[in-house]
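Peer 1: Kindly return the folded structure for what I paste below:
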Amino acid sequence: MGFFKLGGMSIKGVFQKPVTKMYPVVVPEYFERTAGHVEQNDIDSCIFCGLCEKRCPTNAIKVDKAAGTWAIDPWNCITCNSCVRVCPKNILSMERTYTTPATEKSWVVLTMSDEAKEERARQEAEKKAKREAAAKAAAEKKAAEAAAKKEEAAE
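Peer 2: Below you'll find the model as predicted:
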């Protein structure tokens, strides 16, 4: 009896579509709740605030504002989505795909472009100049008020 059942299954298998997928050729559709991996969409828009680094429970993210780098250790990332939720510029996303297989543990480091670094330095210089001008104006106003009080006291 088992022999006939096995024979029937074998013949069905010849004429039916295969159950398995041809992975490299056919890209699988991932489920809605697939964890996936964290993806940095636009490093030049990042303000390097470090909130993602502070929120990461496994310390898988490192942010260096001075150097303009953002790095993630995919081996330590538990895909909890905390960094994505806390990003103020919404440049982090949780992609529903898996990373390519790796043979060595290494950090994925993204560096800001030179043009973006120059633009950021220019913006910082403008902000600093505005702060200094405002402080100078406030000091002059305070000195003028003090002089006015001194004149009133002298009269």
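
Peer 1: what's the neighbour count on the closest residue to residue 79 other than its chain neighbours?
Peer 2: In space, and not counting its chain neighbours, residue 79 is closest to residue 35: 4.0 Å by Cβ to Cβ, 6 or more residues apart in numbering. Just so you know, the C-beta spots here come from the backbone N, C-alpha and C atoms, and that holds for glycine as well. Residue 35: 16 surrounding residues under other Cβ atoms under 10 Å.

Peer 1: Check residue 44 too.
Peer 2: Residue 44: 14 neighbours (other Cβ under 10 Å).

Peer 1: can I assume it sits in a helix?
Peer 2: Yes - secondary structure of residue 44 (DSSP: H, G, I helix; E, B strand; the rest coil): part of a helix.

Peer 1: ok, now which ones touch it?
Peer 2: 112, 113, 115, 116 (Cβ atoms under 8 Å, 6 or more residues apart in numbering).

Peer 1: now for those, which pair is the farthest apart?
Peer 2: Farthest-apart pair in these is 112 and 115; separation 9.0 Å (Cβ to Cβ).

Peer 1: Dead centre of the chain: give me the residue that sits there.
Peer 2: In the chain, the residue lying closest to the centroid (Cα atoms, centre = their mean) is residue 92, at 3.6 Å.

Peer 1: what's that one in contact with, if anything?
Peer 2: By Cβ under 8 Å, 6+ apart, the contact list for residue 92 reads 38, 39, 40, 41, 52, 83, 84.

Peer 1: Narrow these to those in strands?
Peer 2: 38, 39, 40 (DSSP state E).
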